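Student: starting from these lines, generate the structure:
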Amino acid sequence: MFRRLPLGLALLLHGLAFAAETRDLILVAGQSNAVGYDAYAEELPADPKDTATMFWWRVGDPPPDEFDGTSARQWTTLQFQPRTPAKPAVDGKKLARQYGNFNLKTKGGFGPEIGMVRTLRTKESRPLAVIKTAFSGTSVAADWNVGLPGQADACYRAMIDEAKAAIASAKVKDVTLRPRAFVWVQGESDANAKDAPAYAANLSAMLKDLRAELGAPDLILLLGVNTRFGNGKNAFMPKVVEAQKQVAATLPRARYVDTSEAETLPPSHTHFTAKGTLEIGRLYAEALLALEQTR
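Tutor: The predicted structure follows:
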C-alpha cells in the first residue's frame, strides 16, 4: 500500500521534478571591444527582461588575475559589469592597474552580450545563458593561442576554465547548458607586422581547440573586429579582417560579422560607443539566426 504524502511535501517534490531545464549557451570573448571599454553603464537603457538570462563573467587586462572584474564565480543575471574597486597601495605601489575593468568609468560598462541577447529575445523564446571572458589589449598571438612554443595562452586558458566552471555550476542547479554560439570581438592587437600574417592560422587553431575543449563540434563561431581601429591609418587592419573572413569561410558553422557601420568613439575610433556596442550585439544575433537558418 502506498502512503499518501503530505500536500506540502508532494507539491515540493512536484516542483523539483520539473525544475531542471536546458538553456542555450552563448560565449563572449575577445579584447577591449568585447569588454566594452567605452560602452558606459550609464548609457545602457534599462530592460527588466534582462533578468531572464543567466550571466557569468570575468573581464580585465592580461594576465588574468585577482584584479579582474568577475561575477565571483557565481551565476547572476544579464547586466553591465561594475567597475572593479581600487586595490589599496602596498609599499607605495598602486595595485589598481587594470584599465580593462572599467576603472575610468563611474559605474562600469558592458559588451555586445546585452544587444545580442535583447535582439534574440525579440525573435525567439529560448532560455539563454551567457559566459563572458574578455581582456583588454590582448592578441591571439600573445594571449589567446593554444600553447604555441615560446608564447603565452593565459587568456585562452582562463576562458576555458571559466566556461567549464560555469557549466558545472549550472549543472548543480539542474540547468544544462547547450553550447550554441561563440562571439569573438578581437583582432586589433594582432594588426601589426609581426602578428597579422599568422592571425588566420592562430585564430583557426584556437577555435578548433575551443570546440574540442567544450565537446561542442557544432558550436557556431561568430567573428568580428572594430574595422575602424587605427582611424584608417593602420595598414594591417585590412589583413586582420581578411583573415577573419578566411577563417569563417574555412571552418564549418562560422561567419564573419561586419561591424563597420557601428558607431565608434572619436577621435581615435579605437572603441565602440554604448550605441555602437548595442549595435554590434544586434549584428551578431542576426548573423547567428541567419547561419542557423542555412542548416
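Student: how about the helices in the stretch 101-250 of the chain?
Tutor: Listed in chain order, the helices of the stretch 101-250 of the chain (DSSP state H, counting those that start in this stretch) span 113-123, 154-172, 199-214, 237-250.
Student: which other helices and strands does the longest one contact?
Tutor: Okay, so that is helix 154-172. Contacts defined by 3 or more Cβ pairs under 8 Å, 6 or more residues apart in numbering; DSSP states H and E place helix 154-172 against strand 21-30, strand 54-60, strand 128-135, strand 175-185, helix 199-214. C-beta coordinates here come from the backbone N, C-alpha and C atoms, glycine included.
Student: can we see that at 6 Å?
Tutor: Judged by 3 or more Cβ pairs under 6 Å, 6 or more residues apart in numbering; DSSP states H and E, helix 154-172 is in contact with strand 128-135.
Student: tell me which of the helices of the stretch 101-250 of the chain sits most buried.
Tutor: Stretch with highest mean neighbour count among the helices of the stretch 101-250 of the chain: helix 113-123 (a mean of 21; mean count of other Cβ atoms under 10 Å).
Student: what is that helix packed up against?
Tutor: strand 128-135, helix 274-293.
Student: comparing these, which comes out most buried?
Tutor: strand 128-135 comes out most buried of those by mean count of other Cβ under 10 Å, with a mean of 27.
Student: before we move on, back to that, can I get the helices of the stretch 101-250 of the chain in TSV with distance to residue 132 and mean pLDDT?
Tutor: Output for the helices of the stretch 101-250 of the chain, formatted as TSV (distance: least, Cβ to Cβ, whole Å; pLDDT from 0 to 100):
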stretch	distance to residue 132	mean pLDDT
helix 113-123	6	98
helix 154-172	9	97
helix 199-214	15	96
helix 237-250	20	98
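Student: can you say which of the helices and strands packed on helix 113-123 is nearest to residue 52?
Tutor: Closest of these to residue 52 is strand 128-135, at 7.8 Å (criterion: Cβ to Cβ).
Student: got the contact list for that closest one?
Tutor: Strand 128-135 is contacted by residues 23-30, 34-35, 53-62, 113, 117, 155, 159, 162-163, 166, 177 when judged by Cβ atoms under 6 Å, 6 or more residues apart in numbering.
Student: could I have that strand exported to PDB, CA atoms only?
Tutor: Coordinates of each C-alpha in strand 128-135 appear next as PDB, following Å, rounded to 0.1, in the frame of the first residue of the first chain:
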ATOM      1  CA  LEU A 128      19.700  31.800 -22.600                       C
ATOM      2  CA  ALA A 129      22.900  31.800 -20.600                       C
ATOM      3  CA  VAL A 130      26.000  33.900 -21.300                       C
ATOM      4  CA  ILE A 131      29.600  33.400 -20.200                       C
ATOM      5  CA  LYS A 132      31.800  36.300 -20.900                       C
ATOM      6  CA  THR A 133      35.600  36.200 -20.700                       C
ATOM      7  CA  ALA A 134      37.300  39.200 -22.200                       C
ATOM      8  CA  PHE A 135      40.600  41.000 -21.600                       C
END
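Student: may I have the strands that pair with it, each with its orientation?
Tutor: Strand 128-135 pairs in its sheet with strand 21-30 (parallel), strand 54-60 (parallel), by DSSP bridges.
Student: and the nearest residue to residue 194 once chain neighbours are set aside, what does it touch?
Tutor: Nearest non-adjacent residue to residue 194, counting by Cβ to Cβ, 6 or more residues apart in numbering: residue 141, 7.5 Å away. Counting by Cβ under 6 Å, 6+ apart, residue 141 touches 190, 195, 202.
Student: quick one: pLDDT of residue 141?
Tutor: Residue 141 carries a pLDDT value of 93.
Student: how close does the residue positioned nearest the centre of the chain sit to residue 54?
Tutor: What sits nearest the mean C-alpha location of the chain, by Cα atoms, centre = their mean, is residue 28, with 1.6 Å. Going from residue 28 to residue 54 by Cβ to Cβ, to the nearest Å gives 13 Å.
Student: hmm, back to that, nearest to residue 186, of the helices and strands packed on helix 113-123?
Tutor: strand 128-135 (8.3 Å).
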